[in-house]
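>>> Curious how this folds, go ahead:
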Amino acid sequence: MPKLTIHDLYQAKKEGRQLTEVRTGDVNEAIACAEAGVDIIMCMKDELAAIRAAVPDTFIISANKLDRPHIASPDQAISAGFELMNMGADAIYSGMSMKVVEAMSREYIPVVGHIGFVPYRSTWLGGTRAVGKTASEAIGVYEAAKAYQDAGAIGVEIEIVPAKVTEEIGKRLDIILMSMGSGSVGATVQYLFATDVLGTNTGHIPRHAKVYGNLAKEEARVQQLRVEAFKAFQDEVTGGAYPTAKHSLKIKDEEFEKFLTQLPK
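From the prediction side, this is the model:
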């Protein structure tokens, strides 16, 4: 299947189709996503080059710490955005101000923003919680989505927002809504972290997440196999069982004798 384009994302919204997105943590997860048919992968810059090489036909959203203070101007954001695009990203994630998003969009850098619950801005909300359960907050989520759209962003991650609110926003705006715990109607993309999907999350599992695998148990079993193998190696070395003759390289007797004659006395 050919790689998705931004045009395809808008077409999916128009047709009411649901796409999938996974935040991967390494190349193996990205490869598994691609083989499973996941539509979009989200990764950070330090993973991007390897993941792009491994999954050339998957749409990738990447981030270059665009929400950190060291990128303080539109020009710096544009430079960082182009760097990611040159590394193989199809779009970049940015939760910065609208002037920065607009500057990148004017340079045809596809931007995905973030509305609703935004973890690194949670102090403004009083901590981790859903957003949009009151009329005033719901209007605020709508206005944030519209601001991103007006700034030229192609999409927004909409996180922990009531499904009915997402549905109404989706009806009124053209921007792609990427739902994380915010319902399906009105959203075009369903977004989860690989750690939750695979069952490797050892911390808090969000209510919206669904575990589809139990890799934590399997990884524990594999880790124990690693320990057992390394212990067997350790025991054989200390006990003299390894290496044996078959593990060692041989030299012909005549060559060895010549070698001995050339060694210093």
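>>> what's the helix or strand for residue 183?
Assessed by DSSP states H and E, residue 183 sits outside every helix and strand.
>>> List the contacts of the residue lying closest to it once chain neighbours are set aside.
Using CB to CB, 6 or more residues apart in numbering and skipping the chain neighbours, the partner closest in space to residue 183 is residue 163 (2.6 Å). C-beta: built from backbone N, CA, C; applies to glycine. Counting by CB atoms under 8 Å, 6 or more residues apart in numbering, residue 163 touches 182-185.
>>> So which of these is surrounded by the most neighbours?
Within these, most neighbours by other CB atoms under 10 Å means residue 182, with 31 neighbours.
>>> Is that one in contact with residue 156, as I believe?
No. With contact defined as CB atoms under 8 Å, residue 182 does not reach residue 156; the gap is 10.4 Å.
>>> pLDDT value on residue 265, please?
For residue 265, the pLDDT comes out at 83.
>>> How is the chain divided into domains?
Domain assignment for the chain by automatic domain parsing gives 6-212, 219-262.
>>> I'd like these as TSV, with mean pLDDT appended.
Converted to TSV, the domains of the chain look like this (pLDDT from 0 to 100):
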stretch	mean pLDDT
domain 6-212	92
domain 219-262	95
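>>> so which of those domains is the most packed in?
domain 6-212 (a mean of 18; mean count of other CB atoms under 10 Å).
>>> Now residue 2. Nearest residue, chain neighbours left out?
For residue 2, the closest residue by CB to CB, 6+ apart turns out to be residue 57, at 6.8 Å.
>>> How about residue 47?
Nearest to residue 47 is residue 26, by CB to CB, 6+ apart, at 6.8 Å.
>>> any idea how far the one you found is from residue 130?
Distance, residue 26 to residue 130, by CB to CB, to the nearest Å: 30 Å.
>>> now residue 153
23 Å.
>>> wait, what's in contact with residue 122?
128-129.
>>> redo that, cut-off 7 Å
residue 128 (CB atoms under 7 Å, 6 or more residues apart in numbering).
>>> my read is it is in a helix, agree?
Yes. Under DSSP: H, G, I helix; E, B strand; the rest coil, residue 122 sits within a helix.
>>> From residue 164, how far off is it?
23 Å.
>>> again, but for residue 207
17 Å.
>>> Likewise for residue 44?
Going from residue 44 to residue 164 by CB to CB gives 33 Å.
>>> and what of residue 87?
39 Å.
>>> what does residue 215 give?
34 Å.
>>> again with residue 7
Residue 7 sits at a distance of 29 Å from residue 164 (criterion: CB to CB).
>>> How about the contacts made by residue 158?
Contacts for residue 158 (CB under 7 Å, 6+ apart) come out as 115-116, 166, 177-179, 182, 187.
>>> On the strand side of things, show who residue 60 bridges to.
Here residue 60 sits in beta bridges with residue 41, going by DSSP bridges.
>>> these two touch, right, it and residue 52?
Yes. The criterion here is CB atoms under 7 Å, and residue 60 meets it with residue 52 at 6.3 Å.
>>> any common contacting residues for those two?
residue 88.
>>> Count the residues that sit near residue 214.
With neighbours defined by other CB under 10 Å, the count for residue 214 comes to 11.
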